[in-house]
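[1] build me a model:
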Amino acid sequence: MYDTVIRNGILLAGFLCAFIQCPSVNADIQQQPKRPNIIFVMADDQRENTYSAAGHPILKTPNIDWLAHNGVRFSNTYTAAPVCSPSRTSFLTGMYERKHGIGFGSAYQLTEEQWLQTYPALMQSNGYKTAFIGKIGIEYYTFREQIASKFDHWYGHNGWTAFFPKKYPNSPSTLPYLNAEKNIITEVMSDGIREYLDKVAEDKETIHKPFILSVSLSTPHDSQAHSMGASDFKRAPSTENAELKNHPVYDKLFRDGSIAAHEDTGKDPYEFLPKNILDHSKGRARGLYSVYYKRDTNKEAHVRYFQMIQGIDKLMGEMIETLKANNQLDNTVIIFSSDHGLHMGENGFGGKSLLTDVAAKIPFLLYDPRLAKKKRGQTIDKLISSLDITSTMLAYGNTEESEHMQGNSVLPLIDDNNAQWRDEIYLESLMSWRDNPIQEGVRKGDWKYIRYFRGNRYKTTDGGMGNYMVYKEEDLDFSNQTPIFESLVNLKDDPLEKVNLITNMKDSKILKELRGKTKKYSEQQVSERIQFKKSVNTALREPY
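    Residues are numbered from 1 along each chain as shown. Here you go, the predicted structure:
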């Protein structure tokens, strides 16, 4: 994220250490003769605070918590894009959507030349075995049917699969899992992880070659909650699916009356964002997200969401046990995160795509077995971007980043919480489906400023997405445009961002500062996209 000073400082430290004796940048990570294995597990729609180590009052997640207690928790991590396709592409490329150009509203698709600059491709070229399990989530790319060939091991899918994939045998997103022993998608993923780790452990020819395994889960996404059964959300799925009867996770768990609909459910969503800025009737209050707008269905949506997170926790426990059994845990870094968060009734909203903390913050837990005991169990509250996760994996693999990446490795922060780091973070959401406005802004300290725009290039659809913008570079240059709306919130006083202070603080120093910073970052993003296109082949989607 344009942290040139930080990046240059780290490069200078490395340059000096090549000529004089000096301690490692990460002195508390014990030296080992080989690079670590890396497992990156990404949930789908899991909010930042939805595990017990983060203080959640209901969820009990001992295996996710194990990562926090034995590793590091980053409590202020923001996704580069609060919707799945651009977020996942940002994880892969280490770039914001405006720079890599891939998203639901974009006119572009990812090219093979762009793929060569992703973390799997870079690490593969640097001697890592690469594996992928689950939902790739890019959606728009020139080599969609050849994605499996980009990894040494592939057990994944394009598109959105189902909670019971075998029930949809003719869907391309379920075909890889039709011969699986299990029926529930998260359990299928867990078996896939175990089988891969066993295979690696038994492969005598490449046993000394490190691997990076990317696991991209489909839960707790709304599509999985709907495909559990009882899609009206008026009763438990086990009333329709006998295979869920007496299941330890997906039957009676959280059905003891302890869960209620969110207190904001059914409230007027236009108190914070006016209807002319975001009309919920044009998509959000219909389809997948409609369950968050009514109290009876909101409660059931929460039950299923929490159940699916418990399923993820079970998967994490099984993965850790497999690593232990194969003697792999002592040299395997584990990272757990999510593509973005989710509104589940807060402020009367349902869905994602907004830059509220509920939708834009994500979990980030990092376990490194080589970390000194005194460094374990710490929580770091610095402002982190999902782009930093990409840079961190490359740093662990001693793999050079692409010159176009925009994140920074968090390893210096783990070593020294007072290490030089950003004190502000740029945020953007270019998603225009379901009447979403284009948004961008900056968080600095307790303050967050967001400005909103409408584009000019619109496509009409009858698929429940409303009229949405299909953007090219010129549509995202707001240097000479006036925002249609602005918001300023103080997150310390107002963590759910209910009170817009933009009018009361119209003459304040902080508002002037954040407006200026947002404009600067926005223009820099546009400039970097232009430079990126000059050095890398890009491709338009049909019919653009």
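[2] got the contact list for the one residue sitting closest to the centre of the chain?
    Nearest to the geometric centre of the chain sits residue 339, at 1.7 Å (Cα atoms, centre = their mean). By Cβ atoms under 8 Å, 6 or more residues apart in numbering, the contact set of residue 339 is 42, 43, 44, 45, 79, 84, 87, 88, 91, 137, 362. (Glycine included, C-beta is placed from N, CA and C.)
[3] out of those, which is nearest to residue 118?
    Proximity of the contacts of residue 339 to residue 118 was ranked by Cβ to Cβ; the top entry is residue 91 with 8.9 Å.
[4] contact partners of the host helix or strand of the closest one?
    When elements are assigned from DSSP states H and E, residue 91 belongs to helix 84-93. Residues from elsewhere that reach helix 84-93 (Cβ under 8 Å, 6+ apart): 42, 44, 79-81, 96-97, 100, 102-104, 106, 110, 114, 117-120, 136-140, 216, 221, 339-340, 386-387, 389-390, 402, 404-405, 430-431.
[5] of the residues you listed, which belong to helices?
    97, 100, 114, 119, 120, 386, 387, 389, 390 (DSSP state H).
[6] tell me how far the third one lies from residue 533.
    The reference is to residue 114. Separation of residue 114 from residue 533 (Cβ to Cβ, to the nearest Å) stands at 11 Å.
[7] now do the last one
    Residue 390 sits 20 Å away from residue 533, taking Cβ to Cβ as the criterion.
[8] please say which of the two ends up with more neighbours.
    Taking other Cβ atoms under 10 Å, residue 390 and residue 533 do not tie; residue 390 has more neighbours (28 against 14).
[9] quick one: pLDDT of that one?
    At residue 390, the model reports a pLDDT of 98.
[10] quick one: low-confidence residue ranges for the stretch 201-350 of the chain.
    Residue ranges of the stretch 201-350 of the chain with pLDDT under 70: none are present.
[11] what segments of it are strands?
    211-216, 332-338, 343-344, 350-351 (DSSP state E, counting those that start in this stretch).
[12] quick check on the ones in helices among the contacts of helix 84-93: which are buried?
    By neighbour count, with 16 or more other Cβ atoms under 10 Å, the ones in helices among the contacts of helix 84-93 hold 97, 100, 114, 119, 120, 386, 387, 389, 390 as buried.
[13] can I get those in JSON lines with distance to residue 279?
    Shown next, in JSON lines, are these (distance: Cβ to Cβ, whole Å):
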{"residue": "97", "distance to residue 279": "23"}
{"residue": "100", "distance to residue 279": "29"}
{"residue": "114", "distance to residue 279": "34"}
{"residue": "119", "distance to residue 279": "38"}
{"residue": "120", "distance to residue 279": "39"}
{"residue": "386", "distance to residue 279": "29"}
{"residue": "387", "distance to residue 279": "31"}
{"residue": "389", "distance to residue 279": "34"}
{"residue": "390", "distance to residue 279": "35"}
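[14] domains in the protein, by residue range?
    Using automatic domain parsing, the domain parsing of the chain gives 4-8+39-233+307-423, 427-540.
[15] check these for me: which has the lowest mean pLDDT.
    Of all those, the minimum mean pLDDT falls on domain 427-540 (a mean of 92).
[16] sorry, back to before: so which of the domains of the chain is nearest residue 273?
    Comparing these by Cβ to Cβ, domain 427-540 comes nearest, at 7.3 Å.
[17] which residues touch stretch 112-128?
    Counting by Cβ under 8 Å, 6+ apart, 35, 38, 91-94, 100, 130, 132, 141-143, 150-152, 209-212, 214, 390, 393-394, 397-402, 404-405, 536-538 sit against stretch 112-128.
[18] could you redo the last one with a cut-off of 7 Å?
    With contact meaning Cβ atoms under 7 Å, 6 or more residues apart in numbering, stretch 112-128 is reached by 92-94, 100, 130, 142-143, 150-151, 209-212, 214, 390, 393-394, 397, 399, 402, 404, 536-537.
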